[in-house]
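Engineer: Build me a model from this:
(chains A and B)
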Amino acid sequence: MDAQKNSVNLKLKLYSHWQSSCSWRVRFALNLKGLSYDYKAVNLAKGEQFSPEFEKLNPLHFVPVLVDDDIVVSDSYAILLYLEERYPKSTLLPDDPQLRALNLQVASIISSSIQPLHMLSILKYIEEKVGPEERQSWAIRHIENGLHALEKLLKNYACRYATGDKVYLSDVFLAPQIAVAATRFNVDMSKFPTLSRIHESYEALPEFQASAPQRQPDAV
Amino acid sequence: MAEIGGGVASSVEVPKLKLYSYWRSSCSWRVRVGLNLKGLKYEYKAVNLLEGEHFSPEFSELNPINYVPVLVDGDVKVADSFAILLYLEEKYPQHPLLPCDLQKKAINYQAANIVSSSIQPLQNLAVLKYIGDKCGPDEQLAWVRHHIGKGFAALEKLLKHHAGKYATGDEVYLADLFLAPQIHAAITRFHLDMTQFPLLSRLNETYGHLPAFCDAMPEKQPDAPRS
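Structural biologist: Numbering: from 1, shown residues only, chains lettered A, B, ... in the order given. Next up, the predicted model:
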């Protein structure tokens, strides 16, 4: 599956970095919804997120940013809720209020309690102020706390995917987070059997495979 | 301890909604404002975090990850302030917390997430304790002011062309519910210099005149310590 085309007439543009797990969430969702988009790479190592052009799009200097004609949305959670409303095909939220709320809760746990604490800027700060040996243990501690919470929360709900047999918003957040935990931080995922099992399901999905960092145009 | 929040209830009327809350939790505060704006009565169920009540078997049953706030509405249980507010928005559409316009709605989500992902998690108790223990109190203060300041600077830029009387226009919306507790904490707990943040300073003053916000303030909650 290749959702990216070189045509300049693509309505949707996604400003993304190949390694950003927040960008990864949006790429996964765009694929699930069958939406083509123009991939606009933002080279974080070269500081392109601080350019005046990018600052206009997102004053917080983060990727991802979605541009849909004259609508500009930054922040992956905001982008996903926008896509859900604007392009309801292949819905990412179940109708049942309890399951819907559970999906939003999982998304919040990842976007507030896990990912911000292992962002590069925070890790650099910890390394500088506390010491290089603390950097990795800080990251692992926060990731594992979050994954323990999710393991508890989803134990009674997870089937093939996090909240049932369909891919929903919780999966869009979980899939990149588990992949990053395992590959970038070497978290021992055997401690989290439910999450490990559903991650195998994600890895079998073409939409998830196509969204992977290594498959992006700016991958090194 | 259970109290009735959001308005006076008769002695036989038990509100259907229950909110498990801690007086000082900014996440609980957001939801209290939302309930007040929508005119929803609720039973206030205090969870004393200092005494570890969030780890009790009863509370763990409600929320296996032991956070406040939790909303119980009949047999639906919702945890996480963002999830709760979106649940309330769907089930009780009076006084909408989100505008219809998709761009403005997205700005509200963005502002809410700047607070809940880029600011609040970096100044919660556990993180502050770690920085204080490892680096000392001066660095702890520098850390929190740095992260709040960075987030506030971004919010000033994000909202500059959208703000009216409130954060994203002339109506109170989701962004305001997230901003009010965060600004209050920045000023009262961390003594942040707000002169660089004129929009947020103005909004803070405006929120102080709204009963829905004032009634939700920590000091007004049933579990706030009485001095």
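Engineer: How about the most centrally placed residue in chain A: what's its closest non-neighbour residue?
Structural biologist: The centroid of chain A falls nearest to A:Arg25 when counting by Cα atoms, centre = their mean (2.9 Å). Of all residues not flanking A:Arg25 in the chain, A:Ser76 sits nearest, at 4.8 Å (Cβ to Cβ, 6 or more residues apart in numbering or on different chains). Quick note: C-beta positions are derived from backbone N, CA and C, even for glycine.
Engineer: Can you check which helix is longest in the chain?
Structural biologist: Defaulting to chain A. Across chain A, the longest stretch assigned as helix under DSSP state H is helix A:132-154.
Engineer: Wait, chain B was what I had in mind.
Structural biologist: The longest helix of chain B (DSSP H) is helix B:137-159.
Engineer: what is the orientation angle of whichever helix or strand comes after that one with helix B:137-159?
Structural biologist: Sequence-wise, the next helix or strand downstream of helix B:137-159 (DSSP states H and E) is helix B:174-188. For helix B:174-188 against helix B:137-159, the angle by axes from the mean of the first three to the mean of the last three Cα atoms, to 10 degrees is 150 degrees.
Engineer: Contacts for helix B:174-188, please.
Structural biologist: Residues from elsewhere that reach helix B:174-188 (Cβ atoms under 8 Å, 6 or more residues apart in numbering or on different chains): B:26-27, B:29-30, B:33-34, B:85, B:97-98, B:107-109, B:111-112, B:115-116, B:119-120, B:123, B:148, B:151-152, B:155, B:159, B:166-168, B:192, B:194, B:200, B:203-204, B:207, B:213, B:217.
Engineer: Summarise which helices and strands the helix or strand that it is followed by is packed against.
Structural biologist: Later in the chain than helix B:174-188, the nearest helix or strand by DSSP H and E is helix B:198-207. Under the contact criterion of 3 or more Cβ pairs under 8 Å, 6 or more residues apart in numbering or on different chains; DSSP states H and E, helix B:198-207 touches helix B:137-159, helix B:174-188.
Engineer: Could you identify which of those helices has the lowest mean pLDDT?
Structural biologist: The minimum mean pLDDT among the helices and strands packed on helix B:198-207 belongs to helix B:137-159 (a mean of 92).
Engineer: chain center to that one: distance?
Structural biologist: A distance of 18 Å separates the centroid of the chain from that of helix B:137-159, by Cα atoms, centre = their mean, to the nearest Å.
Engineer: what do you get for stretch B:106-123?
Structural biologist: With Cα atoms, centre = their mean, you get 11 Å for stretch B:106-123.
Engineer: buried sites along that stretch?
Structural biologist: B:106-123 (16 or more other Cβ atoms under 10 Å in any protein chain shown).
Engineer: re earlier: does whatever helix or strand comes next after the longest helix of chain A reach chain B?
Structural biologist: Using DSSP H and E, the helix or strand that directly follows helix A:132-154 along the chain is helix A:169-183. No. Shown here: helix A:169-183 not in contact with chain B (Cβ under 8 Å from any Cβ of the partner chain), separated by at least 10.5 Å.
Engineer: Output the contacting helices and strands for helix A:169-183.
Structural biologist: Contact partners of helix A:169-183 among helices and strands, from 3+ Cβ pairs under 8 Å, 6+ apart: helix A:21-32, helix A:76-86, helix A:97-108, helix A:132-154, helix A:193-203.
Engineer: And the ones you listed: which comes nearest A:Ala41?
Structural biologist: helix A:21-32 (9.9 Å; Cβ to Cβ).
Engineer: which residues sit against the closest one?
Structural biologist: A:1, A:3, A:12, A:14, A:16-17, A:37, A:62-64, A:66, A:76, A:79-80, A:83, A:90, A:92, A:111, A:115, A:167, A:172-173, A:175-177, A:179-180, A:206-208, A:210-213, A:216.
Engineer: The most centrally placed residue in chain B and B:Gln196, how far apart?
Structural biologist: Centroid-nearest residue in chain B: B:Arg30, 2.6 Å away (criterion: Cα atoms, centre = their mean). As judged by Cβ to Cβ, to the nearest Å, B:Arg30 and B:Gln196 stand 24 Å apart.
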